[in-house]
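J.: Using only what follows, build the 3D model:
(one chain, ligands or ions: 1)
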Amino acid sequence: MTIGKLIDGKAFAAGLRDKVANGVAGFVQATGRKPGLAVVLVGEDPASSVYVRSKGKMTVAAGMESFEFKRPDSIGEDDLLDLIEELNQDERVDGILVQLPLPRHIDEAAVIGAIDPAKDVDGFHVVNAGRLATGQEALVPCTPMGCIMLLKDELGDLSGLEAVVIGRSNIVGKPMAALLLAESCTVTIAHSRTHDLASVVHRADIVVAAVGRPEMVRGEWIKPGATVIDVGINRVADIEEEGKSRIVGDVATAEALAHVRAITPVPGGVGPMTIAVLLRNTLVAAHARAGLAKPE
Ligand code: NDP
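T.: The predicted model follows:
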């Protein structure tokens, strides 16, 4: 039985962050200022706080300016919109990221819609989503962009390959499908209403699972030699150590390894790519705002 390869997203992300750091040095030389990323965190969600802290650290490590804005859960929508407007106007800020989810009393779409599309480094603004969908230059959501980078690194030209994306969210599934289409794949988007998901997945040369259901995609669903990108992050009880938990993806990795050409592990696959692409998007936004050519 052949065993597929585990794609090392951690190493790829480290390489990408190094590239960004070089690009930042060039930007500072050309403009005399550092690119700046502003992160807005509303509330005290522990997972979001950890994520924001780690974004801040990596932003600084890449040579950029990091601005953090923490606001209480009780903040009103108007006050949050005022903060976004301030950041839109702030010349030191090239990228604005609002950590999601927001408290229920705040309209997420209104907040994202208030971000200047030129500073929308999460790529969630409808202007960027529309640009991506119509094949124009756009700031692209970080996680799917990270997935396409890993796929191109593993497979080279993706043209003509059959790709199945499981999940149709605005932040992963839909932009992922748009990126695969832009690479001339034949794309199917599957979701909770899809009939016979196993057969749909079995057609695919490329499977991207972005569902949020632990190990839902089984090994035998996968066409021999397919490449699998597992976006899922699911916390489950550890069967070996009582009271402990562990993180698994949407794909049963151990089973899948017997079928795949390559697969991203969870953790250590797609996860580390997200922040690295966020830094890259900030550098890209800074270049565009400064009237410089897009960095490599
Ligand atoms: P959402 O909950 O927004 O979307 C999940 C999608 O999966 C929906 O389109 C849903 O279909 C579909 N789905 C649910 N159940 C099934 C099923 N039984 N069969 C087929 N499709 C199904 O999640 P996100 O897109 O935000 O995230 C997906 C996963 O990726 C999560 O585990 C999340 O934690 C992870 N993630 C990881 C990131 C990273 O950095 N690695 C970043 C972002 C997300 P329907 O639309 O019909 O309801």
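
J.: For the residue in the stretch 1-150 of the chain that the ligand sits nearest to, which non-adjacent residue is spatially closest?
T.: The ligand sits closest to residue 143 of the stretch 1-150 of the chain, with a gap of 4.1 Å, by C-beta to the nearest ligand atom. Placement of C-beta: from N, CA and C, glycine included. Spatially, and ignoring its direct neighbours in sequence, residue 143 is nearest to residue 274 (4.9 Å; C-beta to C-beta, 6 or more residues apart in numbering).

J.: The one you found and residue 55: what is the separation?
T.: Residue 274 is 9 Å from residue 55, where distance means C-beta to C-beta, to the nearest Å.

J.: got it, and residue 287?
T.: 20 Å.

J.: Same check on residue 189?
T.: 29 Å.

J.: Between those two, which is the more surrounded one?
T.: residue 55 (21 against 18; other C-beta atoms under 10 Å).

J.: and the more buried one, what helix or strand is that in?
T.: Using DSSP states H and E, residue 55 sits within helix 46-61.

J.: close to the ligand, is that helix?
T.: No: contact of helix 46-61 with the ligand (C-beta under 6 Å from any ligand atom) is absent, the minimum separation being 9.2 Å.

J.: partners of the following helix or strand past that helix, with directions?
T.: Using DSSP H and E, the helix or strand that directly follows helix 46-61 along the chain is strand 65-71. The strands beside strand 65-71 in its sheet (DSSP bridges) come out as strand 36-42 (parallel).

J.: Now do the strand it pairs with: everything it contacts.
T.: 48-49, 52, 55-56, 59, 64-73, 75, 80, 83-84, 87, 90, 92-99, 102-103, 106, 121, 278-279, 282, 286 (C-beta atoms under 8 Å, 6 or more residues apart in numbering).

J.: are any of the residues you listed buried, and which?
T.: 52, 55-56, 59, 64-67, 69, 75, 80, 83-84, 87, 93-99, 102-103, 106, 121, 278-279, 282, 286 (16 or more other C-beta atoms under 10 Å).

J.: Check the secondary structure at the residue nearest to residue 143 for me.
T.: At residue 274 the chain is in helix, as set by DSSP: H, G, I helix; E, B strand; the rest coil.

J.: That one reaches residue 142, doesn't it?
T.: Yes: counting by C-beta atoms under 8 Å, residue 274 touches residue 142, with 4.8 Å between them.

J.: For these two, work out which one has more neighbours and name it.
T.: residue 142 (25 against 21).

J.: Look through the protein and tell me its longest helix.
T.: Counting residues, the longest helix found in the chain (DSSP state H) is helix 9-31.
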